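Undergrad: Build me a model:
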Amino acid sequence: MAAAIDRRLTSFWADRENPLVVQLRKAYPEELAAARALVKLHLGSQRQWRIKAQAVRDKHLAETMRRRRASGSALEIMFLRLGLIIALIAPPVYVVATSRDDILKLVLTGAVCMAAAYLGGHFITIRSRIPVTPNIYGPWLRELREDVVNATLVAILQNKGAAIEPATAAAGRRGWDSIASAARAVEALQG
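TA: Numbering: from 1, shown residues only. Okay, the predicted model is just below:
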(Lines give C-alpha, C1' and ligand atoms only; values in the text may rest on other atoms or scores of the structure.)
Protein backbone atom coordinates (compact mmCIF):
# COMPACT_ATOMS: atom_id res chain seq x y z
CA MET A 1 0.00 0.00 0.00
CA ALA A 2 2.79 2.39 0.92
CA ALA A 3 4.59 1.63 -2.35
CA ALA A 4 1.40 2.31 -4.32
CA ILE A 5 0.91 5.59 -2.47
CA ASP A 6 4.54 6.62 -3.12
CA ARG A 7 4.17 5.75 -6.78
CA ARG A 8 0.94 7.74 -7.04
CA LEU A 9 2.33 10.78 -5.22
CA THR A 10 5.31 10.95 -7.56
CA SER A 11 3.34 10.40 -10.80
CA PHE A 12 2.54 13.44 -12.94
CA TRP A 13 -0.87 12.06 -13.92
CA ALA A 14 -1.98 12.04 -10.27
CA ASP A 15 -1.31 15.74 -9.66
CA ARG A 16 -4.82 16.67 -10.85
CA GLU A 17 -8.00 14.80 -11.55
CA ASN A 18 -8.18 13.71 -15.16
CA PRO A 19 -11.03 15.57 -16.91
CA LEU A 20 -11.89 12.45 -18.92
CA VAL A 21 -12.41 10.46 -15.72
CA VAL A 22 -14.41 13.29 -14.12
CA GLN A 23 -16.62 13.42 -17.21
CA LEU A 24 -17.06 9.63 -17.17
CA ARG A 25 -18.09 9.68 -13.50
CA LYS A 26 -20.67 12.42 -14.17
CA ALA A 27 -22.06 10.67 -17.24
CA TYR A 28 -22.67 7.33 -15.45
CA PRO A 29 -23.77 8.00 -11.84
CA GLU A 30 -25.55 4.64 -11.43
CA GLU A 31 -22.55 2.68 -12.62
CA LEU A 32 -20.31 4.80 -10.38
CA ALA A 33 -22.49 3.89 -7.39
CA ALA A 34 -22.27 0.22 -8.42
CA ALA A 35 -18.48 0.49 -8.72
CA ARG A 36 -18.24 2.03 -5.25
CA ALA A 37 -20.46 -0.71 -3.82
CA LEU A 38 -18.36 -3.40 -5.49
CA VAL A 39 -15.13 -1.90 -4.15
CA LYS A 40 -16.63 -1.66 -0.66
CA LEU A 41 -17.78 -5.28 -0.90
CA HIS A 42 -14.31 -6.54 -1.78
CA LEU A 43 -12.08 -4.14 0.18
CA GLY A 44 -14.40 -3.18 3.02
CA SER A 45 -14.34 0.32 4.43
CA GLN A 46 -11.17 2.38 4.31
CA ARG A 47 -10.45 1.38 7.91
CA GLN A 48 -10.99 -2.32 7.15
CA TRP A 49 -8.71 -2.05 4.13
CA ARG A 50 -5.98 -0.55 6.30
CA ILE A 51 -6.43 -3.32 8.89
CA LYS A 52 -6.15 -5.97 6.16
CA ALA A 53 -2.96 -4.32 4.91
CA GLN A 54 -1.54 -4.35 8.44
CA ALA A 55 -2.39 -8.07 8.74
CA VAL A 56 -0.49 -8.75 5.50
CA ARG A 57 2.50 -6.77 6.81
CA ASP A 58 2.38 -8.59 10.15
CA LYS A 59 2.29 -11.94 8.36
CA HIS A 60 5.27 -10.88 6.25
CA LEU A 61 7.25 -9.86 9.36
CA ALA A 62 6.23 -12.92 11.44
CA GLU A 63 9.28 -14.95 10.35
CA THR A 64 11.58 -12.05 11.20
CA MET A 65 10.01 -11.75 14.64
CA ARG A 66 10.41 -15.51 15.24
CA ARG A 67 14.11 -15.24 14.37
CA ARG A 68 14.52 -12.28 16.72
CA ARG A 69 12.83 -14.18 19.57
CA ALA A 70 14.92 -17.29 18.95
CA SER A 71 18.16 -15.32 18.94
CA GLY A 72 17.25 -13.49 22.14
CA SER A 73 17.33 -10.05 20.55
CA ALA A 74 13.59 -9.58 21.16
CA LEU A 75 14.21 -9.99 24.90
CA GLU A 76 17.10 -7.54 24.70
CA ILE A 77 14.85 -4.99 22.96
CA MET A 78 12.17 -5.48 25.62
CA PHE A 79 14.71 -4.74 28.37
CA LEU A 80 15.98 -1.71 26.46
CA ARG A 81 12.42 -0.40 26.22
CA LEU A 82 11.81 -1.00 29.93
CA GLY A 83 15.08 0.76 30.73
CA LEU A 84 14.08 3.71 28.59
CA ILE A 85 10.68 3.92 30.29
CA ILE A 86 12.29 3.93 33.73
CA ALA A 87 14.91 6.45 32.60
CA LEU A 88 12.15 8.75 31.35
CA ILE A 89 9.96 8.45 34.44
CA ALA A 90 12.60 8.62 37.19
CA PRO A 91 13.97 12.18 36.70
CA PRO A 92 10.59 13.98 36.74
CA VAL A 93 9.50 11.89 39.75
CA TYR A 94 12.72 12.80 41.54
CA VAL A 95 12.31 16.51 40.76
CA VAL A 96 8.70 16.51 41.96
CA ALA A 97 9.63 14.60 45.13
CA THR A 98 12.60 16.82 46.06
CA SER A 99 11.59 20.30 44.94
CA ARG A 100 7.88 20.70 44.23
CA ASP A 101 7.96 24.45 43.87
CA ASP A 102 10.78 24.63 41.33
CA ILE A 103 8.80 24.69 38.06
CA LEU A 104 11.82 25.66 35.97
CA LYS A 105 13.68 22.56 37.11
CA LEU A 106 10.66 20.40 36.18
CA VAL A 107 10.33 22.04 32.75
CA LEU A 108 14.03 21.55 32.01
CA THR A 109 13.81 17.94 33.17
CA GLY A 110 10.80 17.46 30.87
CA ALA A 111 12.72 18.89 27.92
CA VAL A 112 15.69 16.61 28.61
CA CYS A 113 13.35 13.62 28.92
CA MET A 114 11.69 14.47 25.60
CA ALA A 115 15.08 14.58 23.89
CA ALA A 116 16.06 11.31 25.60
CA ALA A 117 12.79 9.70 24.46
CA TYR A 118 13.48 10.70 20.87
CA LEU A 119 17.11 9.56 20.89
CA GLY A 120 16.43 6.41 22.91
CA GLY A 121 13.47 5.45 20.73
CA HIS A 122 15.58 5.99 17.63
CA PHE A 123 18.38 3.84 19.06
CA ILE A 124 15.95 1.04 20.01
CA THR A 125 14.27 1.15 16.58
CA ILE A 126 17.63 0.77 14.86
CA ARG A 127 18.74 -1.92 17.28
CA SER A 128 15.54 -3.98 16.81
CA ARG A 129 16.15 -4.18 13.04
CA ILE A 130 12.42 -4.30 12.28
CA PRO A 131 11.35 -2.23 9.27
CA VAL A 132 9.57 0.93 10.33
CA THR A 133 5.88 1.03 9.49
CA PRO A 134 5.35 3.56 6.71
CA ASN A 135 2.92 6.43 7.17
CA ILE A 136 -0.32 5.82 5.31
CA TYR A 137 -2.48 8.91 5.57
CA GLY A 138 -6.24 8.76 5.05
CA PRO A 139 -6.41 11.20 2.12
CA TRP A 140 -3.71 9.28 0.25
CA LEU A 141 -5.48 5.99 0.89
CA ARG A 142 -8.71 7.59 -0.35
CA GLU A 143 -6.93 8.49 -3.61
CA LEU A 144 -5.89 4.85 -4.07
CA ARG A 145 -9.43 3.73 -3.35
CA GLU A 146 -10.78 6.15 -5.96
CA ASP A 147 -8.28 4.70 -8.45
CA VAL A 148 -9.79 1.27 -7.79
CA VAL A 149 -13.31 2.72 -8.16
CA ASN A 150 -12.34 4.34 -11.48
CA ALA A 151 -10.97 1.07 -12.87
CA THR A 152 -14.05 -0.79 -11.63
CA LEU A 153 -16.30 1.80 -13.30
CA VAL A 154 -14.47 1.33 -16.60
CA ALA A 155 -14.80 -2.46 -16.30
CA ILE A 156 -18.54 -2.22 -15.53
CA LEU A 157 -19.13 0.06 -18.51
CA GLN A 158 -17.10 -2.16 -20.84
CA ASN A 159 -19.02 -5.23 -19.65
CA LYS A 160 -22.28 -3.41 -20.44
CA GLY A 161 -20.96 -2.64 -23.90
CA ALA A 162 -20.91 1.12 -23.40
CA ALA A 163 -18.89 3.04 -25.96
CA ILE A 164 -15.90 4.45 -24.10
CA GLU A 165 -13.08 6.25 -25.82
CA PRO A 166 -9.78 4.36 -25.49
CA ALA A 167 -8.15 7.44 -23.92
CA THR A 168 -10.93 7.62 -21.29
CA ALA A 169 -10.64 3.91 -20.52
CA ALA A 170 -6.86 4.23 -20.19
CA ALA A 171 -7.24 7.25 -17.88
CA GLY A 172 -9.74 5.33 -15.74
CA ARG A 173 -7.41 2.34 -15.43
CA ARG A 174 -4.22 4.35 -14.94
CA GLY A 175 -4.42 4.40 -11.14
CA TRP A 176 -5.19 0.69 -10.94
CA ASP A 177 -2.30 -0.09 -13.28
CA SER A 178 -0.03 1.97 -11.02
CA ILE A 179 -1.21 0.07 -7.92
CA ALA A 180 -0.66 -3.27 -9.67
CA SER A 181 2.82 -2.20 -10.80
CA ALA A 182 3.77 -1.18 -7.25
CA ALA A 183 2.44 -4.48 -5.90
CA ARG A 184 4.50 -6.46 -8.42
CA ALA A 185 7.63 -4.48 -7.52
CA VAL A 186 7.14 -5.05 -3.79
CA GLU A 187 6.48 -8.75 -4.36
CA ALA A 188 9.66 -9.02 -6.42
CA LEU A 189 11.64 -7.32 -3.63
CA GLN A 190 10.20 -9.54 -0.92
CA GLY A 191 10.50 -12.61 -3.11
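
Undergrad: what helices or strands is the lowest-mean-pLDDT helix or strand in the chain leaning on?
TA: The weakest-scoring helix or strand in the chain, judged by mean pLDDT, DSSP states H and E, is helix 46-71 (a mean of 85). When contacts are defined as 3 or more CB pairs under 8 Å, 6 or more residues apart in numbering; DSSP states H and E, helix 46-71 packs onto helix 73-98, helix 138-160. Backbone N, C-alpha and C define where each C-beta goes, glycine included.

Undergrad: tell me the pLDDT at the residue nearest the centre of the chain?
TA: Centroid-nearest residue in the chain: I136, 2.6 Å away (criterion: CA atoms, centre = their mean). What the model reports for I136 is a pLDDT of 83.

Undergrad: do L82 as well
TA: Confidence at L82, expressed as pLDDT, is 95.

Undergrad: Next: G191.
TA: 69.

Undergrad: Next up, the contacts around the residue lying closest to K160 once chain neighbours are set aside.
TA: Nearest-residue entry for K160: E31, 7.5 Å, with adjacent residues in sequence omitted and distances by CB to CB, 6 or more residues apart in numbering. By CB atoms under 8 Å, 6 or more residues apart in numbering, the residues touching E31 are 153, 156-157, 160.

Undergrad: Highest neighbour count among those residues?
TA: L153 (25 neighbours; other CB atoms under 10 Å).

Undergrad: Quick check: which element contains the residue nearest to K160?
TA: If you go by DSSP states H and E, E31 is part of helix 29-43.

Undergrad: sorry, back to before: out of the helices and strands packed on helix 46-71, the one nearest L20 is which?
TA: Among those, the nearest to L20 by CB to CB is helix 138-160 (10.2 Å).

Undergrad: who's in contact with that closest one?
TA: 1, 4-5, 8-9, 14, 21, 24-25, 28, 31-32, 34-36, 38-39, 43, 46, 49-50, 164, 168-169, 172-179.

Undergrad: Next: stretch 117-128.
TA: Contacts for stretch 117-128 (CB under 8 Å, 6+ apart): 68, 73, 76-77, 80-81, 84, 87-88, 132.

Undergrad: Could I get the average pLDDT for it?
TA: On average, stretch 117-128 scores 90.

Undergrad: in that stretch, what's buried?
TA: 120, 124, 128 (16 or more other CB atoms under 10 Å).

Undergrad: now the last one: how far from M114?
TA: It stands for S128. Counting by CB to CB, to the nearest Å, the separation of S128 from M114 is 21 Å.

Undergrad: hang on, the earlier thing: go ahead and build a ChimeraX selection from the buried members of the contacts of helix 138-160.
TA: With 16+ other CB under 10 Å as the burial test, the buried ones among the contacts of helix 138-160 are selected in ChimeraX as follows:
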select :1,4,5,8,14,21,24,25,28,31,32,35,36,38,39,43,49,164,168,169,172,173,174,175,176,178,179
